[in-house]
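Would you be able to build a 3D model of this:
(one chain, ligands or ions: 1)
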Amino acid sequence: MAELPPQAEAFNKPKVELHVHLDGAIRVQTILDVAKRRGIHLPATTVEEMKQKIILHEPGTLTSFLEKFEEYMHVIAGDREAIKRIAYEFVEDKAKEGVIYVEVRYSPHLLANTKVDPVPWNQKEGDVSPDEVVRLVNEGLSEGGRAFKIKARSILCCMRHMPNWSMEVLELCKKYRHDGVVAIDLAGDESLNCKAYPNHRMAYEEAVRCGIHRTVHAGEVGPATVVREAVEVLKAERVGHGYSTLEDHALYKQLLDQNMHFEMCPVSSKYTGACNSDFSKHPIIRFRQDKANYSLNTDDPLIFNSTLQLDYSTAHKYMGFTEEEFKRLNIKSAESSFLPEEEKAELLDRLHEAYELIQSTAF
Ligand SMILES: O=c1[nH]cnc2c1ncn2[C@@H]1O[C@H](CO)[C@@H](O)[C@H]1O
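Numbers count the residues shown, from 1 in each chain. A predicted model of the protein is given here:
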């Protein structure tokens with residue numbers, strides 16, 4: 001495999017990112033600034049110290065990873081200026097990484113402090129509802145999109161351990177479907193409860209009925225049965241992670257045949273303990289060999305101290321990814337995006353042009 005010169009990007013061309021959590025992609029400086037303004041005490045005062053608290057240094061478990069959000073979510077949640085700011089800065093960071101289209105996800109409930117039961121992060125009840133969170137994030141994303149000339153859309157997350165929020169999430173997806181929100185997701189700890197609660201199921205059935213796009217975190221640390229449930233019961237159109245699909249050969253073949261999109265996050269999968277930390281044995285290699293439909297994504301770059309470049313260079317260095325494969329997977333990502341058809345076609349045109357590919361090139 002060709003070695004890259006130091007500092008060189010593995011793929012220095014326009015990219016599409018489909019799986020990244022807004023609340024896992026906040027700048028550390030912003031957390032410090034907002035804490036100072038709000039008079040919230042943090043156990044660290046410098047970016048470096050705060051990073052040490054937040055970053056996962058060793059591969060762990062999904063559960064221990066999810067606990068990291070407790071270090072800082074109380075700083076941002078319930079604060080209008082902070083919520084809008086993280087969305088705006090997120091777009092700037094993605095533009096710098098060469099991303100031209102991104103779908104960013106978050107739980108409106110986890111950033112609210114009223115009309116949410118229970119109020120998260122031990123916050124006092126305030127006046128920022130999940131609905132207002134969505135409006136604030138939309139503002140930040142669209143202002144950022146205009147300023148940095150990229151397109152950012154959002155996906156609203158249901159949380160596995162909070163089934164009573166799911167119908168509200170679906171209602172928000174419906175309300176804002178023409179204002180930046182493109183899909184519903186189910187996130188959280190699939191290792192604690194694998195079966196989707198009836199409320200999640202009801203929300204997803206309603207999403208199907210209303211034509212709301214659907215993705216589901218499945219087969220990240222859970223078994224292939226969670227992936228099967230995601231596609232068969234929740235009617236997911238994309239699978240978040242999905243590594244364990246490989247354990248069920250029939251399911252894997254079926255999903256390959258269906259052109260199912262898998263949102264893969266290599267660096268994340270090491271630190272959450274989802275996959276063997278030896279990247280040369282990573283399930284993505286099999287997906288690549290089989291020319292599956294997948295994207296490469298950061299997931300939670302704040303907590304993994306990572307960038308999209310790191311995911312690409314990891315794929316290049318340890319998994320044998322070539323420039324041609326990077327192009328192919330970005331085209332697949334654009335095709336599998338939740339944009340309306342016309343906007344999808346525009347995005348595909350831009351990629352074909354940037355990659356110097358003829359439009360009809362079939363991968
Ligand atoms: O890799 C992941 N797997 C499952 N859930 C996740 C992952 N990363 C983040 N979240 C969860 O999704 C919420 C909304 O963005 C985050 O607050 C976190 O709890």
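
Give me the pLDDT for the closest residue to Y72 other than its chain neighbours.
Distances taken as C-beta to C-beta, 6 or more residues apart in numbering place I31 nearest to Y72, at 4.8 Å, with adjacent residues excluded. Yep, even glycine has a C-beta here, placed from its N, CA and C like the rest. The score at I31 is 98. That number is its pLDDT.

what residues are up against N138?
Taking C-beta atoms under 8 Å, 6 or more residues apart in numbering, we find N138 in contact with A87, S154, Y176, D179, G180, V181.

what's across from the second one in the sheet?
Listed beta-bridge partners, S154: V104, V181 (assigned using DSSP bridges).

follow-up on the earlier one: run a quick neighbour tally on the residue nearest to Y72.
26 (other C-beta atoms under 10 Å).

any idea which element it lies in?
Here I31 sits within helix 28-38, counting by DSSP states H and E.

next helix or strand past that helix?
Downstream of helix 28-38 (by DSSP H and E), the next one is helix 47-54.

Show me what counts as buried in that next one.
M50, I54 (16 or more other C-beta atoms under 10 Å).

what does the average pLDDT come to for the helix or strand following it?
Downstream of helix 47-54, the next assigned helix or strand under DSSP H and E is helix 62-67. Helix 62-67 carries an average pLDDT of 92.

can you check stretch 97-112 too?
Stretch 97-112 comes out at a mean pLDDT of 98.

what about that stretch, start to end distance?
29 Å (C-alpha to C-alpha, to the nearest Å).

likewise stretch 105-112?
Counting by C-alpha to C-alpha, the terminal residues of stretch 105-112 are separated by 15 Å.

can you list contacts of that stretch?
19-23, 69, 73, 76-78, 83, 116, 119-121, 128-134, 137, 154-159, 162, 165, 168-169, 172, 185, 187.

let's see 6 Å
21-23, 77, 83, 116, 120, 128-130, 133-134, 155-157, 159, 165, 172, 185 (C-beta atoms under 6 Å, 6 or more residues apart in numbering).

and if you look at stretch 48-59?
V28, A44, K68, E71, K270, Y271, G273, S277, I303, N305.

and if you look at stretch 124-136?
78, 80, 83-84, 108-109, 111-116, 119, 172, 176.

Now go through the residues you listed and say which are in helices.
R80, I83, K84, L172 (DSSP state H).

Mark which of the residues you listed are buried, thanks.
I83, K84, L172.

and the stretch 151-300 of the chain, which residues reach the ligand?
Proximity of the stretch 151-300 of the chain to the ligand, by C-beta under 6 Å from any ligand atom, involves residues C157, A187, G188, H217, E220, S268, T272, D299, D300.
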